[in-house]
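> output the structure for:
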Amino acid sequence: MFEQTFKNIDDLLHKDAGCSSELDYVEQTSWVLFLKYLHDLEKDKQTAAELSGEEYTNIISPEFNWTVWAAPKLADGKLDHNAMSGDDLLDFVNNELFPYLKKFKSNATSADTIEYKIGEIFSELKNRVQSGYNLREVINLIDELRFQTQIEKHEMSHLYEGKIKNMGNAGRNGGEYYTPRPLIKTIIKVVNPKIGDTIYDGAAGSAGFLVEAFEYLKQSKKLTTSDIVTLQKNTFYAKEKKSLAYIIGIMNMILHGVEAPNIIHTNTLAENIADIQEKDRYSVVLANPPFGGKERAEVQQNFPIKTGETASLFLQHFIKILKAGGKAGIVIKNTFLSNTDNASIALRKELLTSCNLHSVLDLPAGTFTGAGVKTVVLFFQKGVSTKKVWFYQLNLDRNLGKTNPLNEKDLSEFVAFQKEQIQSENSWTLDLKDIDLSTYDLSAKNPNTPEEAPLREPKEILNAMARLDRESEEILKVVKGLL
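Predicted coordinates:
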């Protein structure tokens with residue numbers, strides 16, 4: 001049911017003059033979906049309060065309740081066809097509902113409350129649907145969705161992930177919002193966070209790393225009441241610069257079960273890393289910073305190693321914001337291992353001397369659909385310098401792409417080998433004593449790849465062809481003699 005509903009909504013938005021791309025479809029679906037989710041959440045909390053003999057105060061005022069403006073019902077439970085539509089609905093949404101919801105941000109007691117998130121979401125977006133009749137149909141479709149059971153919530157979160165993936169592949173943003181989930185799950189398995197860790201992503205996008213870390217930790221042990229509170233309030237932290245990605249990240253975490261995600265809408269790189277104190281640090285960093293971005297000179301002033309390369313600035317930020325003993329899994333372009341500019345050399349030296357870069361996963365082209373770059377994943381722990389680096393080169397017997405994406409099975413050998421740092425045709429260890437300390441070059445050159453037969457000289461090929469011709473002539477003579 002959910003899948004068909006999303007398809008019908010996309011068809012409606014496609015016809016609307018205010019929505020022109022998959023990004024718009026996701027954004028507009030998200031705010032309506034969020035308000036329906038909020039309504040169902042309030043109903044659940046009210047029921048739970050009544051059962052325990054407590055009072056529950058609704059977050060949303062009665063006149064802005066979903067059942068008043070979006071889906072008023074008749075006595076038989078069917079939608080009241082006198083519900084607002086057309087220009088009346090647009091006027092209410094644009095001039096009353098959105099301004100009301102924006103005020104939640106300034107009225108909230110703290111940034112880690114759902115009230116604050118409501119205010120921030122509706123401060124960052126606007127209703128783009130230009131036809132009040134289209135909006136009415138979208139609302140009617142979303143009203144049919146239910147978030148009451150874990151199965152329903154799981155199916156909804158799965159389908160929402162699918163919409164994010166489609167948006168990431170839509171072209172305008174390349175793969176910026178979407179890191180393949182099999183890769184994220186693999187990174188988390190290797191980093192192996194524990195309940196009680198604080199987990200951070202300073203380039204959160206759609207919050208895929210935090211969502212998958214939440215799922216991983218939920219399955220890691222039988223959760224106590226204290227564990228549940230820890231996961232909800234004191235585990236996941238993120239920052240995101242772009243408004244749409246910020247909204248989608250919050251929505252994605254909420255649909256997966258984190259009620260008030262600790263995601264801040266800010267430019268991470270605008271913060272001077274010299275100002276990071278011990279209280280600001282995290283025990284785990286999981287991230288895939290944007291590929292190929294360039295930063296202005298004033299942003300570069302926030303970092304000791306000056307470079308315009310966005311990912312290199314993020315890596316400095318991540319090293320600095322990790323606690324001593326903290327662990328990280330970071331996706332970065334493979335050119336980071338061998339670039340010869342001064343900033344890249346200085347950054348490799350910083351990483352190798354302040355952290356133990358224990359493993360590098362070398363990924364094939366096509367891992368990120370549409371991105372057109374080769375990447376590696378850096379696994380490191382802060383506080384001890386690197387002595388040896390274990391490399392694993394993922395060699396697949398197929399080309400990766402939109403119709404043939406990376407899967408968890410592709411990465412299973414890497415996960416198994418990484419624990420013991422096993423040597424194989426696809427894996428090897430680099431001793432830091434053997435690298436050039438003037439460049440700190442870490443190029444992923446596999447010494448265990450079976451050598452290919454050398455190409456033959458043209459003269460040798462011609463001689464072989466002549467020999468084969470002579471052998472063919474002899475065979476024909478024998479055949480003719482037999483006839």
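
> only C-alpha atoms for contact and neighbour calcs from this point on.
Fine.

> which strands and helices sit next to the longest helix along the chain?
Counting residues, the longest helix in the chain under DSSP state H turns out to be helix 22-51. Packing partners of helix 22-51 (3 or more CA pairs under 8 Å, 6 or more residues apart in numbering; DSSP states H and E): helix 2-15, helix 66-69, helix 132-143, helix 150-168, helix 243-256.

> show me what counts as buried in it.
Burial within helix 22-51, assessed by neighbour count using 16 or more other CA atoms under 10 Å, is assigned to 22-40, 42, 46.

> any idea of the mean pLDDT for that helix?
Per-residue pLDDT values over helix 22-51 give a mean of 89.

> same check on stretch 200-217?
Here stretch 200-217 scores 95 as its mean pLDDT.

> ok, now stretch 322-337?
On average, stretch 322-337 scores 96.

> how close does the closest residue to residue 9 other than its chain neighbours sit to residue 7?
Once flanking residues are discounted, residue 9 sits nearest to residue 138: 5.8 Å by CA to CA, 6 or more residues apart in numbering. For residue 138, the distance to residue 7 (CA to CA, to the nearest Å) stands at 11 Å.

> quick one, which of the two is more surrounded?
Counted by other CA atoms under 10 Å, residue 138 and residue 7 do not tie: residue 138 has more neighbours, with 24 against 11.

> nearest to residue 445, of the helices and strands packed on helix 22-51?
helix 150-168 (31.2 Å; CA to CA).

> show the subsequent helix or strand relative to the closest one.
helix 181-191 (DSSP states H and E).

> and that following helix, how far out from the chain middle?
11 Å (CA atoms, centre = their mean, to the nearest Å).

> elements contacting it?
Looks like helix 181-191 contacts helix 208-218, strand 322-333, helix 412-420 (3+ CA pairs under 8 Å, 6+ apart).

> highest mean neighbour count out of the ones you listed?
Of the helices and strands packed on helix 181-191, the one with the most neighbours on average (mean count of other CA atoms under 10 Å) is strand 322-333, at a mean of 23.

> what strands line up against that strand, and which way round?
Using DSSP bridges, strand 322-333 pairs in its sheet with strand 282-287 (parallel), strand 375-382 (antiparallel).

> most tightly packed of those?
Neighbour counts (mean count of other CA under 10 Å) averaged over each of these peak at strand 282-287, with a mean of 26.

> low pLDDT regions in the stretch 251-400 of the chain?
369-372 (pLDDT under 70).

> ranges for the helices of it?
For the stretch 251-400 of the chain, applying DSSP state H, counting those that start in this stretch gives helices covering 297-300, 310-321, 342-354.

> distance of the residue most central in space within the chain relative to residue 154?
Residue closest to the average C-alpha location in the chain (CA atoms, centre = their mean): residue 208, at 3.4 Å. To residue 154, residue 208 is 15 Å away according to CA to CA.

> same check, this time on residue 225
Here residue 225 is placed at a distance of 21 Å from residue 154 (CA to CA).

> settle it for me: which of the two has more neighbours?
residue 154 (15 against 7).
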